[in-house]
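Student: sequence isn't available, so here's the structure alone:
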């Protein structure tokens, strides 16, 4: 049986760099305990006679073939879609301070 303590939650919060209130600690203690108990229950299920399943729809190779399209677009046409341009380039907000 899982026994997740308040100290376990505080340690997880510290490792995750989270600041939790006392109410949140209690909430997560309950929630994580429930999750671990559920996983423990699943680990007890006998699946020795089952084959692994990696696909359940029955579809086989649902990809379409790539087709080359001869389509030319001028840079002026492409720049018309940009929100802002300057000197024939796309203008963006400064990202380095």
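Tutor: It's in. All figures in this text were calculated on a predicted structure; none of them were measured in a lab. Numbering: from 1, shown residues only.
Student: where does residue 90 fall, phi/psi-wise?
Tutor: For residue 90, the backbone dihedrals (degrees, to the nearest 10) come out as phi -80, psi 130.
Student: from residue 76, how far off is it?
Tutor: Distance, residue 90 to residue 76, by CB to CB, to the nearest Å: 13 Å. For the C-beta atoms, the positions are set from N, CA and C on the backbone; glycine is no exception.
Student: which one's more surrounded, these two?
Tutor: Taking other CB atoms under 10 Å, residue 90 and residue 76 do not tie; residue 90 has more neighbours (12 against 9).
Student: dump the residue contacts of the more buried one.
Tutor: Residues near residue 90 by CB atoms under 8 Å, 6 or more residues apart in numbering: 79, 82, 84.
Student: tell me the pLDDT at the last one?
Tutor: When you say that, I think you mean residue 84. If you check residue 84, the pLDDT there is 93.
Student: kindly report the same for the first one.
Tutor: According to the predicted model, the pLDDT of residue 79 comes to 93.
Student: turn the contacts of residue 90 into JSON lines, including neighbour count, distance to residue 21 and secondary structure.
Tutor: What follows is the contacts of residue 90, written out as JSON lines (neighbours: other CB atoms under 10 Å; distance: CB to CB, whole Å; DSSP: H, G, I helix; E, B strand; the rest coil):
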{"residue": "79", "neighbour count": "13", "distance to residue 21": "51", "secondary structure": "helix"}
{"residue": "82", "neighbour count": "12", "distance to residue 21": "45", "secondary structure": "coil"}
{"residue": "84", "neighbour count": "10", "distance to residue 21": "44", "secondary structure": "coil"}
